[in-house]
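>>> Based on what follows, work out the 3D shape:
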Amino acid sequence: MREILYELRATGPTALDITDTQERHTAVARTIGGSLNRLSD
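Numbers count the residues shown, from 1 in each chain. Below is the predicted model:
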């Protein structure tokens, strides 16, 4: 989350424009992983 926030602050919303397939896959995996970590047992 810190990395995403840093990128958003540094470059604005275009930081989330991912055209590279591998980068997009990584972004989705991190988003899902972060969301799952926030769930309670």
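>>> From Ala27, how far off is Thr19?
11 Å (Cβ to Cβ, to the nearest Å). Backbone N, C-alpha and C define where each C-beta goes, glycine included.
>>> Grab the longest helix from this structure for me.
Counting by DSSP state H, the longest helix found in the chain is helix 21-38.
>>> next one: it to chain centre, how far?
On the basis of Cα atoms, centre = their mean, to the nearest Å, helix 21-38 sits 6 Å off its chain's mean C-alpha point.
>>> most centrally placed residue in this structure?
In the chain, the C-alpha nearest the mean C-alpha coordinate belongs to Ala27, at 4.5 Å (Cα atoms, centre = their mean).
>>> Can I get the helix or strand Glu3 falls within as CSV, trimmed to CA atoms?
Element membership for Glu3, per DSSP states H and E: helix 2-11. Output of helix 2-11 as CSV, limited to C-alpha atoms (Å, rounded to 0.1, in the frame of the first residue of the first chain):
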residue,chain,number,x,y,z
ARG,A,2,2.9,2.4,0.8
GLU,A,3,4.3,1.8,-2.7
ILE,A,4,1.0,2.5,-4.4
LEU,A,5,0.4,5.7,-2.3
TYR,A,6,4.0,6.9,-3.0
GLU,A,7,3.5,6.3,-6.7
LEU,A,8,0.1,8.1,-6.7
ARG,A,9,1.6,11.1,-4.9
ALA,A,10,4.6,11.2,-7.2
THR,A,11,2.9,10.7,-10.6
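>>> Not counting its own residues, what contacts stretch 19-31?
Leu16, Ile18 (Cβ atoms under 8 Å, 6 or more residues apart in numbering).
>>> ok, the residue nearest to the centre of the chain to Ala15 distance?
Taking Cβ to Cβ, one finds Ala27 at 10 Å from Ala15.
>>> what is in contact with the two at once?
In contact with both Ala27 and Ala15: no residue, using Cβ under 8 Å, 6+ apart.
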